[in-house]
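Trainee: could you work out the structure for the sequence below:
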Amino acid sequence: MADAREQHRRHRATDPVPAAQHYFTPEPAVPSAPRRVELVLPDTRFDLETDRGVFSPNRIDAGTKLLLLEDPLRDELSPGGPGREPASRTFVDLGCGYGAIALTLARRHPDATIWAVDVNERALALCRANAAALGLANVVVGREDELPAAGATGAVSAVYSNPPIRVGKAALQGLLDRWAARLAPGGRLLLVVRRDLGAESLERWLAERGWAPARLAARAGYRVLQARPCPSEAP
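Mentor: From the prediction side, this is the model:
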C-alpha cells in the first residue's frame, strides 16, 4: 500500500499544472514545449508561435476568433469606412497571450499603436517574437505597469479582451475598471466571454457600473460584448 501511495505521489508531482493555475501567473510552472498555430480570418492570416503555460497554446481559441470576426472597428475605421477617426489611435489587447488579437489589430490599423498587455512573462515573450517575425513594429508589449502611455486617462480608443475569467470576479472587475478609466471619449470595451463562465453576470455588472453593454454576437457558447460609457446626467 505504501508503494502504491508513493507511486501516486510521484505521478501527481510530474502532472502538468492545470491551465487555470498558470496561464495568468507571471512565471508558468510547466516546462516549455513550443509549437505553432495558424490564425485564419477573412482579411488576414498568419502563423503564431505558442508554448505551454499560456492561454490556448494548441489552437486559436474560438472566443478570440469570434471577437476578431465580429470586431466593429474593422469596418468602422477602415479606409473609406463609415466610422469617424477617434481622438486616440491606441488600442489595447488586455490579456494578450501570444498575440492573436494584438497582431490582428496591428495589421488592420497600421497607423495605430497596439498595446499588448499580460502578466505572463512567457506569453509576453511569445507576443514580442511573433510581432517581430511579422514585422509589426506598431505593437508594444509589456505588463500593465510598464505601459505608462496607455495608462493615462483618455489615452485609449478601445480595449479588447478575452478576459481571464478564472482569476476570480473581484480581480477581473478591478482589471476592467482600471482599463475602462483609460478610455478616450467615445472609447469602448470589446469583450468575449463564454456564457457558462459568466457572460450574463458580466453584462449586468457593466450596466451597474454605468456602461451601456450591447451584444454584438452570440455563437458557439460565446458572447461578444461592447460597452460604452453612458452619457453623464446633468446634476
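Trainee: and stretch 55-68, average pLDDT?
Mentor: Per-residue pLDDT over stretch 55-68 has a mean of 96.
Trainee: going forward, the N-terminal residue is numbered 406.
Mentor: Will do, 406 is the new start, and the previous item becomes stretch 460-473.
Trainee: buried stuff in it?
Mentor: For stretch 460-473, the neighbour count (16 or more other Cβ atoms under 10 Å) marks 460-462, 465-473 as buried. C-beta coordinates here come from the backbone N, C-alpha and C atoms, glycine included.
Trainee: dump those residues into a markdown table; add secondary structure and distance to A619 as well.
Mentor: Below are those laid out as a markdown table (DSSP: H, G, I helix; E, B strand; the rest coil; distance: Cβ to Cβ, whole Å):
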| residue | secondary structure | distance to A619 |
| --- | --- | --- |
| F460 | coil | 25 |
| S461 | coil | 26 |
| P462 | coil | 32 |
| I465 | coil | 25 |
| D466 | coil | 22 |
| A467 | helix | 21 |
| G468 | helix | 17 |
| T469 | helix | 20 |
| K470 | helix | 20 |
| L471 | helix | 15 |
| L472 | helix | 14 |
| L473 | helix | 18 |
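Trainee: quick one: contacts of stretch 440-449?
Mentor: Residues outside stretch 440-449 that contact it (Cβ atoms under 8 Å, 6 or more residues apart in numbering) are 450-456, 462-465, 470, 473-474, 479, 505, 509, 512-513.
Trainee: about what we covered before: identify, from the buried residues of stretch 460-473, the entry nearest to R548.
Mentor: F460 (15.8 Å; Cβ to Cβ).
Trainee: the helices in this protein, which residues?
Mentor: Assigned by DSSP state H, the helices in the chain fall at 407-419, 424-427, 467-474, 478-481, 505-513, 526-538, 574-585, 604-613.
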